[in-house]
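Peer 1: Got a sequence here, can you model it:
(2 chains)
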Amino acid sequence: MTKQHANWSPYDNNGGSCVAIAGADYCVIAADTRMSTGYSILTRDYSKICKLADKCVMASSGFQADVKALQKLLAARHLIYQHQHNKQMSCPAMAQLLSNTLYYKRFFPYYSFNVVGGLDNEGKGCVYTYDAVGSYERVGYSSQGSGSTLIMPFLDNQLKSPSPLLLPAQDAVTPLSEAEAVDLVKTCFASATERDIYTGDKLEIVVLNKDGICREYMELRKD
Amino acid sequence: MESNQAKHGLVGPNDPIQRTQYPYVTGTSVVALKYKDGILMAADMGGSYGSTLRYKGVERMKPIGKHSLLGASGEISDFQEILRYLDELILYDNMWDDGNSLGPKELHSYLTRVMYNRRNKFDPLWNSLVLGGVKNGQKYLGMVSMIGVNFEDDHVATGFGNHLARPILRDEWHENLSYEDGVKLLEKCMRVLLYRDRSAVNKLQIAKITEEGVTISQPYSLKTFWGFSAFENPTVGAEGSW
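Peer 2: Numbering: from 1, shown residues only, chains lettered A, B, ... in the order given. Okay, the predicted model is just below:
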């Protein structure tokens, strides 16, 4: 019999769900604050939301160590950008940078599932959704992470976004008001928490609009 | 000649690099919590060689710099290498002689990067680390795993401790724990671990860090009671089919 010993993987799945919704003049980005490994909860209060620029916020789930490395890299790149251009990076530019950063590690990927939300150069809400290796798309709303399979079809049903196949292209932003969008996000997470063991504890909601950025919290089930 | 060396199991210059893919001597859980004046941490002193209890006096908690305390579970030699890294870091930081010193937050961040870098090289340091400290009246308690997963919390525990001790801590922990109550709570956790974690031993230390500095207790043992009916005949009513 061969010797049995502990083995290791360079990856872990720390779970969590992220949602972002773009409106005509606002953007809502939300994520739960639970961090898990396997069936254990590591902590009930870990923020998955990271401010990348004045009008650009990223929510990430997946492998926490990779997510942290990615956030630090983007922060460093943004600092250089500010020194070179004396301004904040726009959200569409940051979205492209994130895609390139993810693809740079195509053959040893960051195991991170991101949504970026913010305001574009016209002040319109924008959401970008990614896979782990950097393919991305601008959309009106999106969900990523362990609860995305529960949340995404619900958003599709409620928001009835125009098909991206339509010609001429239709605007993807949602028709909801800011308050309605925040309520919808709360409902999404309350429901996802019921069935997804990796989602729960607390919901962190970030709202971006012309007045700036504000943050609110809602308690979720802790079981 | 070189291939001859390889045949004898020695490392030759052309042989592939060997990396630690599994641990040899390991320590079990570390439990730590914030209390009124700082951080309390507990760890037993066992060093297991697989399932053999090989060492019985391993110190798994060490003071780092002026404001921090590091506890480790996992590979003991990797922990001792981490201590050498930190010693050098603190020494070179001291040489600036600018009156600044690294606090627990900085050290935790450093450890996070060391652990994550080593996993990127597929040569991990096989530890779960707990870092506690107090600086400028700020309490700090964080954890790092062998692949770089890291977080802060009011109480943390590694390995089996996350399963057995943290539910107790979530029940009984509060912000204003006194030193006495904190030690009592840690001892309750360590006793449960002693009963249910086979690699735990009844010889432990409790470390305290406050604004005044670190004190690590002398090794001592917990009072145990093995007369519980569940311990007397654990298989009664659950006989195997054979």
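Peer 1: ok, now how distant is the residue nearest to B:G213 when sequence neighbours are not counted from B:V156?
Peer 2: Closest residue to B:G213 apart from its sequence neighbours, by C-beta to C-beta, 6 or more residues apart in numbering or on different chains: B:K66 at 7.1 Å. Just so you know, the C-beta spots here come from the backbone N, C-alpha and C atoms, and that holds for glycine as well. Going from B:K66 to B:V156 by C-beta to C-beta, to the nearest Å gives 22 Å.
Peer 1: When the two are compared, which one has more neighbours?
Peer 2: B:V156 (28 against 14; other C-beta atoms under 10 Å in any protein chain shown).
Peer 1: coming back round to it: does the residue nearest to B:G213 sit in a helix or strand, and which one?
Peer 2: Per DSSP states H and E: B:K66 is located in neither a helix nor a strand.
Peer 1: Same question for B:Y195.
Peer 2: Counting by DSSP H and E, B:Y195 is part of helix B:179-196.
Peer 1: Grab the nearest non-local neighbour of A:A22.
Peer 2: Excluding the flanking residues, the one nearest A:A22 by C-beta to C-beta, 6+ apart is A:G125, at 3.3 Å.
Peer 1: List the contacts of the closest residue to chain B within chain A.
Peer 2: Taking C-beta to the nearest C-beta as the measure, chain A has A:A65 as its residue closest to chain B, at 3.4 Å. Taking C-beta atoms under 8 Å, 6 or more residues apart in numbering or on different chains, we find A:A65 in contact with A:12, B:112, B:116, B:119, B:145, B:147-150.
Peer 1: Ramachandran coordinates for the nearest residue to A:G23 once chain neighbours are set aside?
Peer 2: Among residues not flanking A:G23 along the chain, A:G125 sits closest, at 4.7 Å (C-beta to C-beta, 6+ apart). When read as degrees, to the nearest 10, the backbone of A:G125 gives phi -60, psi 140.
Peer 1: A:G125 pairs with what?
Peer 2: A:L119 (DSSP bridges).
Peer 1: got it, and B:G142?
Peer 2: B:L131, B:E152.
Peer 1: Now do the same contact list for the residue in chain B that chain A sits nearest to.
Peer 2: When scored by C-beta to the nearest C-beta, chain B has B:G148 as its residue closest to chain A, at 3.4 Å. When contacts are counted by C-beta under 8 Å, 6+ apart, B:G148 touches A:65, A:68-69, B:112-113, B:115-116, B:119.
Peer 1: still on that earlier bit, any idea how many residues pack against the residue nearest to A:G23?
Peer 2: 27.
Peer 1: contacting residues for residue 136?
Peer 2: The chain I'm using is chain A. With C-beta under 8 Å, 6+ apart, A:Y136 has these contacts: A:95, A:98-99, A:128-130.
Peer 1: wait, I meant chain B there
Peer 2: Contacts of B:N136 by C-beta under 8 Å, 6+ apart are B:G103.
Peer 1: next one: the one 5 residues further on
Peer 2: In this structure, B:L141 makes contact with B:32-34, B:39, B:130-132, B:152-156, judged by C-beta under 8 Å, 6+ apart.
Peer 1: Does chain B have contacts with stretch A:44-63?
Peer 2: Yes: applying C-beta under 8 Å from any C-beta of the partner chain, one finds stretch A:44-63 touching chain B at A:45-46, A:63.
Peer 1: For PyMOL, write a command that selects the buried ones of these.
Peer 2: If you want just the buried ones from these in PyMOL, going by 16 or more other C-beta atoms under 10 Å in any protein chain shown, the selection is:
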select buried, chain A and resi 46+63
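Peer 1: Which single one of the residues of stretch A:44-63 next to chain B is nearest to B:H174?
Peer 2: Closest approach between those and B:H174, by C-beta to C-beta: A:D45, at 15.7 Å.
Peer 1: separation between the closest one and B:L33?
Peer 2: 15 Å.
Peer 1: beta partners for residue 215?
Peer 2: Went with chain A since none was named. A:V206.
Peer 1: actually it's chain B I care about, not the one you picked
Peer 2: Assigned bridge partners for B:T215, using DSSP bridges, are B:K208.
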